[in-house]
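I need the structure of the sequence given here:
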Amino acid sequence: MNAELKIELSPHQQELLLRGLRYVRSSVALEMIDYSEEVEQRRRRQYAEIDELEGLLTGAGPRAAASRA
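Numbering: from 1, shown residues only. Purely as a prediction, here's the structure:
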(Lines give C-alpha, C1' and ligand atoms only; values in the text may rest on other atoms or scores of the structure.)
Protein backbone atom coordinates (compact mmCIF):
# COMPACT_ATOMS: atom_id res chain seq x y z
CA MET A 1 0.00 0.00 0.00
CA ASN A 2 2.26 2.72 -1.28
CA ALA A 3 -0.22 5.23 -2.66
CA GLU A 4 0.97 8.76 -3.25
CA LEU A 5 -1.26 11.69 -2.37
CA LYS A 6 -0.34 15.21 -3.36
CA ILE A 7 -2.06 18.08 -1.59
CA GLU A 8 -1.24 21.71 -1.08
CA LEU A 9 -1.31 23.02 2.46
CA SER A 10 -1.31 26.52 3.78
CA PRO A 11 1.48 27.33 6.26
CA HIS A 12 -1.11 27.20 9.06
CA GLN A 13 -2.34 23.75 7.99
CA GLN A 14 1.24 22.52 7.74
CA GLU A 15 2.00 23.78 11.26
CA LEU A 16 -1.14 22.07 12.62
CA LEU A 17 -0.04 18.76 11.14
CA LEU A 18 3.51 19.17 12.44
CA ARG A 19 2.16 19.92 15.93
CA GLY A 20 0.07 16.77 15.70
CA LEU A 21 3.14 14.74 14.75
CA ARG A 22 5.01 16.14 17.77
CA TYR A 23 2.11 14.97 19.94
CA VAL A 24 2.23 11.51 18.35
CA ARG A 25 6.02 11.34 18.89
CA SER A 26 5.52 12.23 22.57
CA SER A 27 2.84 9.56 22.85
CA VAL A 28 5.25 6.94 21.51
CA ALA A 29 7.98 8.08 23.90
CA LEU A 30 5.71 8.09 26.95
CA GLU A 31 3.95 4.79 26.33
CA MET A 32 4.11 2.86 29.59
CA ILE A 33 5.11 -0.70 28.69
CA ASP A 34 7.82 -3.02 29.94
CA TYR A 35 11.03 -2.68 27.97
CA SER A 36 12.09 -5.41 25.59
CA GLU A 37 14.08 -5.52 22.38
CA GLU A 38 10.83 -5.97 20.46
CA VAL A 39 9.35 -2.85 22.10
CA GLU A 40 12.48 -0.87 21.20
CA GLN A 41 12.31 -2.01 17.57
CA ARG A 42 8.64 -1.06 17.34
CA ARG A 43 9.40 2.40 18.78
CA ARG A 44 12.22 2.90 16.28
CA ARG A 45 9.88 1.97 13.41
CA GLN A 46 7.25 4.38 14.70
CA TYR A 47 9.82 7.18 15.04
CA ALA A 48 11.02 6.48 11.48
CA GLU A 49 7.46 6.70 10.16
CA ILE A 50 6.89 9.97 12.01
CA ASP A 51 10.19 11.35 10.71
CA GLU A 52 9.24 10.39 7.17
CA LEU A 53 5.90 12.20 7.43
CA GLU A 54 7.57 15.23 8.97
CA GLY A 55 10.03 15.28 6.09
CA LEU A 56 7.22 15.17 3.56
CA LEU A 57 5.46 18.08 5.27
CA THR A 58 8.54 20.26 5.52
CA GLY A 59 9.96 19.38 2.11
CA ALA A 60 13.04 17.84 3.72
CA GLY A 61 14.03 14.25 3.18
CA PRO A 62 13.44 11.65 5.91
CA ARG A 63 17.11 11.78 6.97
CA ALA A 64 16.98 15.54 7.49
CA ALA A 65 13.84 15.17 9.63
CA ALA A 66 15.49 12.41 11.68
CA SER A 67 18.52 14.58 12.44
CA ARG A 68 16.22 17.27 13.88
CA ALA A 69 14.53 14.84 16.29
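
list the buried residues for the longest helix belonging to the chain?
Counting residues, the longest helix found in the chain (DSSP state H) is helix 37-58. By 16 or more other Cβ atoms under 10 Å, the buried positions in helix 37-58 come out as 46-47, 50-51, 53-55, 57. Where C-beta positions appear, they are placed from N, C-alpha and C, glycine not excepted.

for the residue nearest the centre of the chain, give its distance to residue 10.
Nearest residue to the geometric centre of the chain (Cα atoms, centre = their mean): residue 50, 1.3 Å. Residue 50 sits at a distance of 22 Å from residue 10 (criterion: Cβ to Cβ, to the nearest Å).

between the buried residues of helix 37-58, which is nearest residue 14?
Among those, residue 57 lies closest to residue 14 (Cβ to Cβ), at 5.7 Å.

can I assume that closest one is in contact with residue 15?
No: counting by Cβ atoms under 8 Å, residue 15 is not a contact partner of residue 57; they are 9.3 Å apart.

could you dump the buried residues of helix 37-58 to CSV with pLDDT and distance to residue 34?
Formatted as CSV, these follow (pLDDT from 0 to 100; distance: Cβ to Cβ, whole Å):
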residue, pLDDT, distance to residue 34
46, 96, 17
47, 96, 19
50, 96, 22
51, 95, 25
53, 92, 28
54, 93, 28
55, 91, 31
57, 89, 33
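
of these, closest to residue 24?
Looking across those and measuring by Cβ to Cβ, the closest to residue 24 is residue 50, at 6.0 Å.
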